[in-house]
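Student: Give me coordinates for this.
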Amino acid sequence: MNLTNLELYAHLSALTLAAISIVAADNLGMRWFFGKTRVINRAQARILHYSTGTALVLLLISGATMFWPLRDYLLHDPLFILKMCFVAALIVNSIVIEKLMGIAATTPFAELPQTQKVQFILSGAMSGLCWAGAALCGYFLF
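Tutor: Below you'll find the predicted structure:
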């Protein structure tokens, strides 16, 4: 498989932006989860969410440029299909996170009802699993 350096570097740069944004957002969320911060800073959470979302869009665009010349091969590769499932789940989860951010900006984690605590935990686990899964699939694909 031949990929131009520009396409690959653009994809890896977007992945780097995503990783930095995710680590910062997870730090913010974990401090709230463990009660070190009463509520999250809404502005900071929004910046990190948009930064991660921007990285995801850049990954989709750069990924599409790499996909198109290899589409006949990739559409029959189970690893690529799995990666796209992870990416689809990330897109859906970003919508869930948008809703949950507002709750975390007004309510301490310890004061949430059990059902909302579960939503936060599942969303965080889904995010981590899908980002790691998509990155690993991409690594093994190319």
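Student: C-alpha only now, for contacts and for neighbours.
Tutor: OK.
Student: got any ranges where this structure has weak pLDDT?
Tutor: 1-4 (pLDDT under 70).
Student: Please repeat the previous calculation with a cut-off of 90.
Tutor: The chain contains residues with pLDDT under 90 at 1-6, 8, 141-142.
Student: Would you check how far apart the residue nearest to Phe86 when sequence neighbours are not counted and Arg71 are?
Tutor: Distance criterion CA to CA, 6 or more residues apart in numbering; nearest residue to Phe86, sequence neighbours excluded, is Cys130 at 4.9 Å. Separation of Cys130 from Arg71 (CA to CA, to the nearest Å): 22 Å.
Student: Show me which of the two is the more surrounded one.
Tutor: For Cys130 versus Arg71, neighbours defined as other CA atoms under 10 Å are more numerous around Cys130 (21 against 12).
Student: quick one: the more buried one and Ile91 touch, right?
Tutor: No - if you go by CA atoms under 8 Å, Cys130 and Ile91 don't touch, sitting 10.0 Å apart.
Student: so where do the helices sit in this protein?
Tutor: Taking DSSP state H to define them, one finds helices in the chain at 5-33, 42-67, 71-74, 78-104, 114-141.
Student: quick one: buried residues of the last one?
Tutor: What that stands for is helix 114-141. Across helix 114-141, burial judged by 16 or more other CA atoms under 10 Å covers 120, 123-124, 126-127, 130-131, 133-135, 137-138.
Student: a markdown table please, covering the residues you listed and showing distance to Leu75.
Tutor: Listed next are the buried residues of helix 114-141 as a markdown table, based on distance: CA to CA, whole Å:
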| residue | distance to Leu75 |
| --- | --- |
| Phe120 | 33 |
| Ser123 | 28 |
| Gly124 | 29 |
| Met126 | 24 |
| Ser127 | 24 |
| Cys130 | 20 |
| Trp131 | 21 |
| Gly133 | 18 |
| Ala134 | 16 |
| Ala135 | 18 |
| Cys137 | 14 |
| Gly138 | 14 |
